[in-house]
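**Student:** With the sequence up front, the predicted model follows.
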There are 2 protein chains.
Amino acid sequence: MEQQGRPLRADAQRTVRAILEAAERTLGKNPAASMEEIAEAAGVARTTVHRRFASRDALVDAMTRWAAQQFHAAVLAARPDSTPPLVALYQATANVLRVKIGWEFAMSRSSSDPDVERIHAEVREVCARLLNRARDAGLLRADADLEWARRSYYALIHEAMRDGSEGGDADALATLVVDTLLHGVGAGPSGLTGTVSP
Amino acid sequence: MEQQGRPLRADAQRTVRAILEAAERTLGKNPAASMEEIAEAAGVARTTVHRRFASRDALVDAMTRWAAQQFHAAVLAARPDSTPPLVALYQATANVLRVKIGWEFAMSRSSSDPDVERIHAEVREVCARLLNRARDAGLLRADADLEWARRSYYALIHEAMRDGSEGGDADALATLVVDTLLHGVGAGPSGLTGTVSP
DNA sequence: CACACTTGCAACATTCACGATGCAAGTCGC
DNA sequence: GCGACTTGCATCGTGAATGTTGCAAGTGTG
């Protein structure tokens, strides 16, 4: 379902949103939760959920799609292609954290939906470009592996999100993430390998 | 099941191992896979799986417990309380990566089993002690948040594991992880906050 | 206000995974 | 080799979750 002959009535739209949010909460706690539990959490009858989403998969897909769009918007809002790299990095991190904190389940789900995958690929590219600019600006080591940098970045954001789930401030967390990404937790330069300047 | 009146016969033990490993492979690809699929992957009949593991939960619990023990052993093998911090950190990372690469599903599962939770708590403490020693040795910043350091460390290991799933070398990955943890991917010291020396 | 839309409720059909059992054939261990 | 253990196979029961349908009552919209 989810495609409309004509737009849903206002109350029906509210119902859809309520179901999506309830599904996030419920599946976040227990990924194997039944449609019944989701319906209950949303305050609607089980049949209503089936009316709005043809199948369980359709519901999860819709959640994933919704979260992916929020994610995309959060990154673009930081203007990562024009703002100075460090600022964009910080801004994007904070924005993304706000989304991930509210859509943990939907975001950590690897979707089979090609649309969703396309969005994530797009975001990855934006991120890659940003890191590239950061390196050119001397913010990253010249010999840094940008792919690993991106993945470390994602991993740190994901970890910071867990704090956020329990009432952390997105801006403070973003500072923590970016700081850690750039400088790690170590003290002086004493690399295990010889990556430090000769 | 899984507790024995007397020890299982040799062939039965092999069967148990085969089932555990098949379950890891199968559930790794699809967490919702049925007992049937697991049995097929193990090359045994479905009823045999039920003979060895009373229920699906019992099977997953057994996997989780097994993986947790391997994890614990991997950390202790690095002698994290006596070896010099940097060496222990590197060694433990490599050992843990080897385990996580083979038991991705079982390791990333938050268990309801108190025994498993105890093991993980124990490992967390060992890790905390190690990071403490690292800080005292001047390896970490004096004002570093050790809890965040530990979690960043876990997150980076987890990310590195994905490389390992596709044939990466555990030792090389460990170097990458420890290096990134200590120094990040940034170039010079230009902290966003004023954490750098005055 | 009138009409179309939306929802809750009750009932139903179906599918699927789980778990149990008995038995015959094969395998291990002493 | 003999006895105990283990497994495959065929079969059955059961419960839970999914998805559908019809209808009456309520609610938004023009």
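**Tutor:** Thanks, I have it. Residues are numbered from 1 along each chain as shown, chains lettered A, B, ... in the order given.
**Student:** Please name the spatially closest residue to A:Q91 (chain neighbours excluded).
**Tutor:** A:A78 (3.8 Å; CB to CB, 6 or more residues apart in numbering or on different chains). Glycine gets a C-beta too; all of them are placed from N, C-alpha and C.
**Student:** Could you verify my assumption that the one you found touches A:N95?
**Tutor:** Yes - assessed by CB atoms under 8 Å, A:A78 is found in contact with A:N95 at 5.9 Å.
**Student:** Phi and psi next, for the residue nearest to A:Q91.
**Tutor:** Main-chain dihedrals, A:A78, degrees, to the nearest 10: phi -90, psi 0.
**Student:** Now for it, how many residues are close by?
**Tutor:** 21 (other CB atoms under 10 Å in any protein chain shown).
**Student:** Between the two ends of stretch A:158-170, how far is it?
**Tutor:** One end of stretch A:158-170 sits 12 Å from the other (CA to CA, to the nearest Å).
**Student:** Could I get the buried residue list for that stretch?
**Tutor:** When burial is assessed from 16 or more other CB atoms under 10 Å in any protein chain shown, stretch A:158-170 yields the following buried residues: A:158-161, A:163-164, A:168, A:170.
**Student:** quick one: the strand or helix carrying A:Q13 near chain B?
**Tutor:** Using DSSP states H and E, A:Q13 sits within helix A:10-29. No - Helix A:10-29 is not in contact with chain B by CB under 8 Å from any CB of the partner chain; minimum separation 11.4 Å.
**Student:** same question, stretch A:123-143
**Tutor:** Yes - Stretch A:123-143 reaches chain B (CB under 8 Å from any CB) through A:138-142.
**Student:** that older thread, would you mind trimming the buried residues of stretch A:158-170 to those in range of chain B?
**Tutor:** Intersecting the buried residues of stretch A:158-170 with the contacts of chain B gives A:158-159 (criterion: CB under 8 Å from any CB).
**Student:** Adding secondary structure and distance to DNA strand D, write the buried residues of stretch A:158-170 out as a markdown table.
**Tutor:** Shown next, in a markdown table, are the buried residues of stretch A:158-170 (DSSP: H, G, I helix; E, B strand; the rest coil; distance: CB to the nearest atom of the strand, whole Å):
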| residue | secondary structure | distance to DNA strand D |
| --- | --- | --- |
| A:H158 | helix | 27 |
| A:E159 | helix | 30 |
| A:A160 | helix | 32 |
| A:M161 | helix | 26 |
| A:D163 | helix | 31 |
| A:G164 | helix | 28 |
| A:G168 | coil | 32 |
| A:A170 | helix | 33 |
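**Student:** Reformat the buried residues of stretch A:158-170 as JSON lines; add pLDDT.
**Tutor:** Shown next, in JSON lines, are the buried residues of stretch A:158-170 (pLDDT from 0 to 100):
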{"residue": "A:H158", "pLDDT": "97"}
{"residue": "A:E159", "pLDDT": "97"}
{"residue": "A:A160", "pLDDT": "97"}
{"residue": "A:M161", "pLDDT": "96"}
{"residue": "A:D163", "pLDDT": "88"}
{"residue": "A:G164", "pLDDT": "81"}
{"residue": "A:G168", "pLDDT": "80"}
{"residue": "A:A170", "pLDDT": "95"}
